[in-house]
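S.K.: please work out how this folds:
(chains A, B and C, ligands or ions: 1)
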Amino acid sequence: MLRSTARPLLNSTINARPSCREYHLIKHGSRPVRPGSLPNRVCSAGMATDCAGWHLLGTPREELRLEHTLPTGQSFRWRETGDDEYIGVIGQRVVQIRQLEDDVAWRIIGRAPQAAEAEDTAVLADYFNLSTPLADLVRTWSASCDHFARIQPYFQGARMLRQDPTETLFQFLCSSNNHISRIHGMVERLCSGWGTRLPLTRSDEYGGPAHHAFPTLDQLAAVSEADLRAAGFGYRARFVTGSVARLRALGGEAWLATLRAGPPDVAVAALCTLPGVGPKVAACAALFSLDAHALVPVDVHVLALATRHYLPALRGKALTPALHAQVQAAFVARFGAHAGWAHNTLFISELARYRGRVPGTTRAEEVLLARGSEVAEEVDAGPDACARVVGMDGSDASTGKGGRARRKRKGGAASVASSLVEEQMELAPTTPPQAAA
DNA sequence: ACCGACCCTGTAGC
DNA sequence: AGCTACAGGGTCG
Ligand SMILES: [Mg+2]
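M.R.: Below is the predicted model:
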């Protein structure tokens, strides 16, 4: 195994040459070295470390795959900095994280002074919800649902994160009737404009942009609607200032945290009293940050997959609160107390970025195949394939820099294909092609 | 319960 | 390449 044949250990924003010990920790094509000394169970976030600050999370691929967890719509706080490598902020820490063959490696590259190193491992374990055994849950879900059983092998390790409640609420306050790419920018400007900058602890190795904690409610209270409009928030500017004011009146972050202990419907009802927060955004905040593992944020895409597989009678109906409740109930009936987690795997299996990964599964693919589209040329990479099926040029569909499969024909299948290609981050179409025209 | 307006802007489509 | 037109992980009244 020659070094020259391996991809660079660190991406281009990391300038330092990795130490020899890093090579022991980071995979080189196949497997990490010194596996015998490493914890390999979910609940024991790794203690293993090296001189460059890398640790192992202790998560086998069935428990966590970053590709299915970080850039799939639960958080807008991560950016991909390399092949299967990301940098983002968890609370008061800037985290560099990378997928290994059967584990995940992480290190802290920046932190607030009050963020003690001794807490790092616990913070990571908390953020990735490591006390929830995903692989065990998957077995029960696969027994309950044929569709889930069919697609899940292609989307392993899709965990729910346990994000900060305030951060999650405002991220998804920005999400309604909006494009993913714009949401990313809005969240970023909120952080860089009003959040506390996190000093880098490895500034000699990292030359990328600065990172900031998500602004606290006190920091947000200093932001005017005009500020937000200038930052491109549009009409959501008033939602933000209004929600900040109301949250502070209710008791701020401490009050939000109390929602974790109560029933999910109480949390959702409370969140819905905030301006700009409806059932969908409330469910996102509750599932992504308030331990409401059973909640399902029902958007148009979730409704589409629900009508396709569970509630055919609801096809074509508008996404009213009543319908939202019906879909929610159907998911809980089928998947149980962690229905929100199950929904997450189903949701990401619909992403256009993964189109073709599961042979002949989605309705969109069925339409394309029925019309003889070249989508049939996509090879079956097999379950648990690591390589992307779409975006072979390495670009990320979610950043809009291309990478989508090129379509050549006009009319017929091509018009269907173009409606697919148009999907923003990725989601397969929710409306019949003819209706889209 | 239903329906139209809605701030922007990244991107598709010429 | 530049432009224009569109549509977007919903929410509100
Ligand atoms: Mg509300």
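S.K.: quick check: residues of the stretch 101-250 of chain A near DNA strand C?
M.R.: Taking C-beta under 7 Å from any atom of the strand as the criterion, the stretch 101-250 of chain A approaches DNA strand C at residues A:175, A:176, A:177, A:178, A:179, A:180, A:182. (C-beta placed from N, C-alpha, C; glycine too.)
S.K.: please tabulate these in TSV, including the columns distance to the ion.
M.R.: Listed next are these as TSV, based on distance: C-beta to the ion, whole Å:
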residue	distance to the ion
A:175	14
A:176	10
A:177	14
A:178	16
A:179	22
A:180	22
A:182	21
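S.K.: below-threshold pLDDT in the stretch 1-150 of chain A: ranges please.
M.R.: Applying pLDDT under 70 to the stretch 1-150 of chain A picks out residues A:1-48.
S.K.: which of the three states applies to whatever residue of it ends up closest to DNA strand C?
M.R.: Closest contact between the stretch 1-150 of chain A and DNA strand C, by C-beta to the nearest atom of the strand, is at residue A:73 (1.4 Å). The local conformation at residue A:73, judged by DSSP: H, G, I helix; E, B strand; the rest coil, is coil.
S.K.: export only the CA atoms of stretch A:50-64, formatted as CSV.
M.R.: Once non-C-alpha atoms are left out, stretch A:50-64 reads as follows in CSV (Å, rounded to 0.1, in the frame of the first residue of the first chain):
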residue,chain,number,x,y,z
ASP,A,50,-3.1,10.8,18.4
CYS,A,51,-0.7,13.7,18.3
ALA,A,52,-2.7,15.6,15.7
GLY,A,53,-5.8,15.5,17.9
TRP,A,54,-7.7,12.9,16.0
HIS,A,55,-10.1,10.6,17.9
LEU,A,56,-12.3,7.8,16.9
LEU,A,57,-16.0,8.0,17.5
GLY,A,58,-16.4,4.2,17.7
THR,A,59,-19.3,4.0,15.3
PRO,A,60,-19.4,1.2,12.8
ARG,A,61,-20.9,2.0,9.4
GLU,A,62,-24.3,0.6,10.4
GLU,A,63,-24.5,3.1,13.2
LEU,A,64,-23.2,6.2,11.4
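S.K.: how close does residue A:282 get to residue A:169?
M.R.: Applying C-beta to C-beta, to the nearest Å, the value for residue A:282 to residue A:169 is 9 Å.
S.K.: okay, and the common contacts of these two?
M.R.: Residues within reach of residue A:282 and of residue A:169 at once, by C-beta atoms under 8 Å, 6 or more residues apart in numbering, are residue A:271.
S.K.: re earlier: who wins for most neighbours among the residues of the stretch 101-250 of chain A next to DNA strand C?
M.R.: Highest neighbour count within these, by other C-beta atoms under 10 Å: residue A:175, with 22 neighbours.
S.K.: neighbours of residue A:189, how many?
M.R.: For residue A:189, using other C-beta under 10 Å, the count is 16.
S.K.: and for residue A:86?
M.R.: Residue A:86 is flanked by 22 other residues according to other C-beta under 10 Å.
S.K.: ditto for residue A:199
M.R.: Residue A:199 has 13 neighbouring residues, counting by other C-beta under 10 Å.
S.K.: from DNA strand B, how far off is it?
M.R.: 28 Å (C-beta to the nearest atom of the strand, to the nearest Å).
S.K.: show the pLDDT at that residue.
M.R.: We have a pLDDT of 97 for residue A:199.
S.K.: for residue A:293, give me its contacts.
M.R.: A:132, A:160, A:287, A:337, A:338, A:339, A:340, A:341.
S.K.: what's residue A:307 in contact with, if anything?
M.R.: Counted by C-beta under 8 Å, 6+ apart, residue A:307 has contacts A:314, A:315, A:316.
S.K.: let's see if you can find the most crowded of those residues.
M.R.: residue A:314 (15 neighbours).
S.K.: quick check: it touching residue A:303?
M.R.: Yes: counting by C-beta atoms under 8 Å, residue A:314 does reach residue A:303; the two are 7.4 Å apart.
S.K.: overlap in contacts, those two.
M.R.: A:323, A:327.
S.K.: not counting residues beside it along the chain, what's closest to the residue of chain A found nearest the ion?
M.R.: Nearest to the ion, among the residues of chain A, is residue A:277, at 4.3 Å (C-beta to the ion). Spatial nearest neighbour of residue A:277, chain neighbours left out: residue A:271 (5.1 Å); criterion: C-beta to C-beta, 6 or more residues apart in numbering.
S.K.: how many neighbouring residues does that neighbour have?
M.R.: For residue A:271, the neighbour count with other C-beta under 10 Å is 26.
S.K.: quick check: residues of chain A near the ion?
M.R.: Selection of chain A residues close to the ion by C-beta under 5 Å from the ion yields A:272, A:277.
S.K.: all strands of chain A, in order?
M.R.: Secondary structure of chain A, counting by DSSP state E: strands at A:55-56, A:78-82, A:85-90, A:93-99, A:104-111.
S.K.: output stretch A:231-244 as CSV, nothing but the C-alphas.
M.R.: Extracted C-alpha coordinates of stretch A:231-244, given in CSV (Å, rounded to 0.1, in the frame of the first residue of the first chain):
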residue,chain,number,x,y,z
ALA,A,231,-28.8,40.0,5.3
GLY,A,232,-31.2,38.6,2.7
PHE,A,233,-33.8,37.2,5.1
GLY,A,234,-36.8,38.7,3.3
TYR,A,235,-40.1,38.3,5.0
ARG,A,236,-38.5,35.8,7.4
ALA,A,237,-36.8,38.7,9.1
ARG,A,238,-39.9,39.5,11.0
PHE,A,239,-40.3,35.8,11.9
VAL,A,240,-36.9,35.8,13.4
THR,A,241,-37.2,39.0,15.5
GLY,A,242,-40.7,38.0,16.5
SER,A,243,-39.6,34.5,17.6
VAL,A,244,-36.6,35.8,19.4
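S.K.: next, the buried residues of it.
M.R.: A:231, A:233, A:236, A:237, A:239, A:240, A:241, A:242, A:243, A:244 (16 or more other C-beta atoms under 10 Å).
S.K.: re earlier: want to throw the strands of chain A into JSON lines with distance to DNA strand B?
M.R.: Below are the strands of chain A laid out as JSON lines (distance: least, C-beta to the nearest atom of the strand, whole Å):
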{"stretch": "strand A:55-56", "distance to DNA strand B": "33"}
{"stretch": "strand A:78-82", "distance to DNA strand B": "13"}
{"stretch": "strand A:85-90", "distance to DNA strand B": "18"}
{"stretch": "strand A:93-99", "distance to DNA strand B": "23"}
{"stretch": "strand A:104-111", "distance to DNA strand B": "26"}
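S.K.: would you reformat those strands as CSV and include distance to residue A:357?
M.R.: Putting these into CSV (distance: least, C-beta to C-beta, whole Å) gives the following:
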stretch, distance to residue A:357
strand A:55-56, 27
strand A:78-82, 18
strand A:85-90, 20
strand A:93-99, 17
strand A:104-111, 21
